[in-house]
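# coords please:
(one chain, ligands or ions: 1)
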Amino acid sequence: MVDYWRQGSVAVIAVNNPPVNALSYNVRVGLYNNLDKAANDRDVLAVVICGKGRTFPVGADIHEFGQIPKEPWITDVGRKIESLGKPVIAAIHGTGLGGGLEIALFCHYRIALPNARVGLPEVLIGLLPAGGGAQLLPRLAGIQVAMEMITTGRQLPASEAAKYNIIDKVVSGDIVKEGIEFALRVQNKPFQDKILRYRSPHGKDSLQPITEAVLRKIKMRSRGFYAPVWCVRSIANSVKLPFEEGLAQNRIMFQQMQLSGQAKALQYAFFAERSISKWKLPCGGNFATAVPRKIKTISVIGAGTMGTGITVALLSAGFPVLLVEQNKRFLMKGVQTVQSLLEGGVKRRKFTAEQAKMASSSLTTTVDLQALNSVDLVIEAVFETLSLKEDIFSKLDKICKPEAILCSNTSYLNIDKIAASTRRPDKVVGTHFFSPAHIMRLMENIYGCKTSPETVATVMDLGKRIGKVPVLVGTCPGFCANRMNRPQSEEALFLVEEGAQPEQIDQVLEDFGMPMGPFKVRDLAGGDIGWRSRKDAALHLGLTLSYDLQFFNGERYCSLADKLCELGRFGQKTGSGWYSYDKPGSKQLSIDEDVTKLIQNHRDSLGIKPRKITTQEIQERFLFSGINEGFKILEEGIAARPEDIDIIWLYGFGFPRHYGGPMFYASQIGLKRVYDRICHYHELFPYSSHWMPSKLLQKLSIQEVPIGQWAELHSKL
Ligand SMILES: CCC/C=C/C(=O)SCCNC(=O)CCNC(=O)[C@H](O)C(C)(C)COP(=O)([O-])OP(=O)([O-])OC[C@H]1O[C@@H](n2cnc3c(N)ncnc32)[C@H](O)[C@@H]1OP(=O)([O-])[O-]
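Down below sits the predicted model:
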C-alpha cells in the first residue's frame, strides 16, 4: 500500500492505495515504517512523499470511521516527519485533501502540479481537521485563510494555494521527478524553520474580530449545521493552546463529532452520491454492462422556461443545440432568454464572456420539426399535456433517425404512455430537469418498461457530462420527486386551513433547514401552473373546482390556493401570492393582511375553528407525509434504493444535507416512531390517502435494519 525506493540520496515514499490513496490503517503503518527506514538509511539525505496513480492522498479512509482508530494516527506520521532530521517534501498531484494535506503540512516543503488542488474538506462530512490541519494551517497561511478554508471545505487550485504559502512551488512535468529535483536542491540546507509547529499563527491578534465575522457568515448559511462552528473552535485552539494541547483538544472534539447524527448523515450522503451512478434496471441491464451511445447533436423542443434552461445547461457544457418552437415569435423570445441566461452565467462567474460567446454560437433554431432528422438525441420540454406529448413523440419517431434517443422533460406523466406513441419505446426515456434547469443540479431520469439499458446509460452519461447529478427511477405519477412533494404541499395547505399561518409554516421548515418554506416555493414557482392542472384534472373527471369544496375525488381538498389564483395572485411574477411583493418579479416580500383575511374567511365559510398548531405538528405533517410516500416508492421499486431518494431531495429540493435526506432522517429518528406518528395522522385524517402507512415502513418499524439493507428487504416483501 506504500511503495519505497531510493534514487541517489533521495528516498521516495509513494502511497499506493487506489482509487484515491485514502489513508487507511495499512497506509499509515506503511508511511510510518518507511519514514523510519529513510531515517535509518545514512545515504538518504531527503525524502519525497507522493501518491501513485491519479492523486496525492485525499484524506482518512471514510470507511474506517466508526471503528476504534488504530495507531499510528495521521498526527503520529506527522511527528515522525517533523523529527526525521532530513527534509521531507510533499509532491502533490491530483487532490491533496484532509489527512493528505495534513501530512503535507507536517512536511518541510510542498510542491504541486498546476492542476492540483488542496483543501481540508472535513467540515463537509461533519468533522474538523483533527490530524493537525487546524493547528498547522493558521501557522502557515494565517487565521483568516484557515478560517475560510476549514469552515467551507473549499479546495484551492495550486496557484491560489501558493499565494497563501501553502505550496512552496508550482511545478510542471512529472511530479515525482520534480519532487526528487527539489529534494536534491534542499537536502543539505537547514530546514528547522520549516517545521510549522514552532511558528505562531499569523493574525492571532485579530482572532476575535475574524471569529466574529466568520460566525456571522456561518449563521447565515448553516441553518442548523454545526460542524463549521466546531471548526472555528478548533482553529482558535491554535492560538489559545500550545501545539500539542491544541492537537489533543481537537482530537477530542473530532471524536465527539464523529458520533453525531450530522456527521453520520453527511458521510452517508457522500457515499449515497457516489452510489447513484451504479444503477440497475429490473430487466437486468446495469451501469457496468450498458454502453452509452455517443451523443454529438441535441435538439430541445420548447423554448419556455424549462426548454431554455435545459438549452443553456447543454450549451454551456459544449453541446451544439437545435432549439425548436412552434412559431418564430416564441422562438425569438426563447433565443433572447437563452442569451440573457448566458449573460447571467458570466455575471455569476460560471463561465467567461468568451465561453458564453462560444456557447451562443452553438445554438441553432428552427420552427420545422423535419430539421431534427439527423440529431442524436431530442429533449422535449413542452406543456405537461399527455396528448400533446404523444403527438410530438409520434412525429419525432417518423422524422428522427432510427437510433436517435427521445427524451421527455415531463415531471409527472407516464413514460410508458409517451413511449407507446412511437415504434421505438426502447429509445424513449424521461429526463426531468428542475427549474431553473441551467442551475439546479438534479436530473431525475425515468425509465419505462421498455427503455433499453443503452438508452438509460446514455442519459445517465449525458447528465454527468453537463454537470448534473443524474438519478434513475421508474415511472409513476410524479416519479420520485414530485410524488413525494405532493402530500407535503397538501399538508401545508391543510395546516393553514386548520389554524397555522403560511409564514409560520415557512419559518418552521426554514428553521429545520429547508432553503425556503412551501408557501415561498409556491410563490416562486407560480400558483397558476398547479391551478391549471387542477382544473384540467377536474374537467377530466367531469367535476368543477368549487370554493366550498372540502373533498375532491374522495380525498380531502383545500381550495385556498385556487381562491388566491382566482384573484390573480400567482406569486412573485404578479407581485402577490401567499405574500405580497414590492413589485412583480421582486423577491422582497411581506405578510399580506388580505391573505390573512382570506384565510380567516375561508375557515369561517367552512365552519372551521382555528386551533394552535405546534412546531412539532408542522414538521411531522410536512416531513412524515413525504417520507411515507418515499417508503411506498421504495416498496413499489420506483426507486431502487433509499440513497436514490435522498440524493433527489438533496439536489432537487435543498433538503438539509446534514440530515442526509428524508429517508436517512427517518432512519435517525427511528422508524418505529415515524410509523407510529404516520398511523396517528392516518387515524386523524382518514380522507388523505397519503397517510395510509407504507407496508415496507410497517415491516421496517418492527425489525429495524440499517438503511443499507432496506432495498434488500423490500425485494422480499
Ligand atoms: C483524525 C483524522 C483526520 C483526518 C480526516 C480526514 O481526512 S476526513 C477525509 C477528508 N477527505 C475527504 O473528505 C475527501 C472526500 N473525497 C472527495 O472529495 C472525492 O472523492 C475526490 C475529490 C477525492 C475524488 O473525486 P472523484 O470524482 O475523482 O472520485 P469519486 O468521488 O467518485 O471517488 C472515487 C472513489 O473513491 C472513494 N473515496 C473517495 N474519497 C474517499 C475517502 N476519503 N475514503 C474512502 N473512500 C473514498 C469514493 O467513495 C469512490 O469509491 P467508489 O464509488 O468508486 O467505490
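# The helix or strand containing Val471 pairs with which strands, parallel or anti?
Take DSSP states H and E as the rule and Val471 turns out to sit in strand 469-474. Based on DSSP bridges, the strands next to strand 469-474 in the sheet, each with its direction, are strand 442-447 (parallel).
# Alpha carbons of the partner strand, in CSV - could you do that?
Only the C-alpha atoms of strand 442-447 are listed here, as CSV (Å, rounded to 0.1, in the frame of the first residue of the first chain):
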residue,chain,number,x,y,z
LEU,A,442,-30.7,17.3,-10.2
MET,A,443,-31.7,15.3,-13.3
GLU,A,444,-34.3,12.7,-12.5
ASN,A,445,-34.1,10.1,-15.3
ILE,A,446,-37.1,7.9,-15.7
TYR,A,447,-37.1,4.5,-17.4
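# Pull the distance from the strand holding Val471 to the chain's centre.
The chain centroid and the centroid of strand 469-474 are separated by 13 Å, computed with C-alpha atoms, centre = their mean, to the nearest Å.
# can you tell me if that strand touches the ligand.
No: Strand 469-474 stays out of contact with the ligand when judged by C-beta under 6 Å from any ligand atom, the minimum separation being 12.1 Å. Placement of C-beta: from N, CA and C, glycine included.
# which element follows that strand toward the C-terminus?
Sequence-wise, the next helix or strand beyond strand 469-474 is helix 481-498, with elements assigned using DSSP H and E.
# rounded to a whole number, what's the mean pLDDT of that following helix?
Confidence over helix 481-498, taken as the mean pLDDT, stands at 97.
# Name the next helix or strand following that helix along the chain.
Moving toward the C-terminus from helix 481-498, the next element (DSSP H and E) is helix 502-512.
# buried ones in the next helix-or-strand element following that following helix?
Where DSSP H and E defines the elements, the next helix or strand beyond helix 502-512 is helix 518-525. Judged by neighbour count (16 or more other C-beta atoms under 10 Å), helix 518-525 contains these buried residues: Pro518, Phe519, Lys520, Val521, Arg522, Asp523, Ala525.
# near the ligand too, which of these?
Judged by C-beta under 6 Å from any ligand atom, the overlap between these and the neighbourhood of the ligand is nil.
# Would you check the distance separating stretch 229-244 from the middle of the chain?
Here stretch 229-244 shows a centroid-to-chain-centroid distance of 30 Å under the convention C-alpha atoms, centre = their mean.
# Next, the buried residues of that stretch.
Applying a neighbour-count criterion of 16+ other C-beta under 10 Å, the buried positions in stretch 229-244 are Val229, Trp230, Cys231, Val232, Ser234, Ile235, Ala236, Asn237, Ser238, Val239, Phe243.
# can you check stretch 651-665 too?
Buried residues in stretch 651-665, counted by 16+ other C-beta under 10 Å: 651-653, 655-665.
# so how far does it reach from one end to the other?
Between the opening and closing residues of stretch 651-665 we find a distance of 16 Å, counting by C-alpha to C-alpha, to the nearest Å.
# any chance you could map the strands in the stretch 1-150 of the chain?
Assigned strands in the stretch 1-150 of the chain, in chain order: 2-7, 10-15, 46-51, 88-92, 95-97, 109-112, 117-119 (criterion: DSSP state E, counting those that start in this stretch).
# partners of the fourth one in the sheet?
Within its sheet, strand 88-92 is paired with strand 46-51 (parallel), strand 109-112 (parallel), according to DSSP bridges.
# and Gly463, what element?
For Gly463, the host element (DSSP H and E) is helix 453-465.
# Against which helices or strands is that helix packed?
Using 3 or more C-beta pairs under 8 Å, 6 or more residues apart in numbering; DSSP states H and E, the elements in contact with helix 453-465 are strand 405-408, strand 428-433, strand 442-447, strand 469-474.
# can you tell which of these is closest to Ala14?
Between Ala14 and the helices and strands packed on helix 453-465, the tightest spacing by C-beta to C-beta is seen for strand 469-474, at 33.1 Å.
# Now do that closest one: everything it contacts.
Residues from elsewhere that reach strand 469-474, judged by C-beta atoms under 8 Å, 6 or more residues apart in numbering: 273, 276-277, 279, 282, 441-447, 456, 459-460, 462-464, 479-480, 633, 636-640, 644, 647-648, 651.
# now that strand: mean pLDDT?
Confidence over strand 469-474, taken as the mean pLDDT, stands at 98.
# Offset the numbering so it begins at 6, please.
Okay, using 6 as the starting number, the last item reads as strand 474-479.
# Could you tell me the angle between that strand and helix 458-470?
Relative orientation of strand 474-479 and helix 458-470, computed by axes from the mean of the first three to the mean of the last three C-alpha atoms, to 10 degrees: 150 degrees.
# Can you check what angle separates strand 474-479 from helix 486-503?
Going by the same axes, to 10 degrees, strand 474-479 is angled at 90 degrees with respect to helix 486-503.
# With just CA atoms, put strand 474-479 into CSV.
Listed next in CSV are the C-alpha coordinates belonging to strand 474-479 (Å, rounded to 0.1, in the frame of the first residue of the first chain):
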residue,chain,number,x,y,z
VAL,A,474,-26.5,14.7,-10.7
PRO,A,475,-28.5,12.1,-12.6
VAL,A,476,-30.6,9.7,-10.6
LEU,A,477,-32.6,6.8,-12.2
VAL,A,478,-36.1,6.0,-11.1
GLY,A,479,-39.1,4.1,-12.6
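# thinking again about what came up before, okay if I get the strands paired with strand 93-97 as TSV plus mean neighbour count and mean pLDDT?
Conversion of the strands paired with strand 93-97 to TSV gives the following (neighbours: other C-beta atoms under 10 Å; pLDDT from 0 to 100):
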stretch	mean neighbour count	mean pLDDT
strand 51-56	28	98
strand 114-117	27	98
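# Tell me which of these sits nearest to the ligand.
Each of those was scored for nearness to the ligand using C-beta to the nearest ligand atom, and the closest is strand 51-56 (10.8 Å).
# So is the closest one next to the ligand?
No: contact of strand 51-56 with the ligand (C-beta under 6 Å from any ligand atom) is absent, the minimum separation being 10.8 Å.
# tilt between that strand and strand 15-20?
Using the same axes, to 10 degrees: strand 51-56 against strand 15-20 is 20 degrees.
# need the contact list for Asp511.
By C-beta under 8 Å, 6+ apart, the contact list for Asp511 reads Met521, Gly522, Pro523, Phe524, Lys525.
# From Met448, how far off is it?
As defined by C-beta to C-beta, to the nearest Å, Asp511 lies at a distance of 27 Å from Met448.
# Understood, closing this out.
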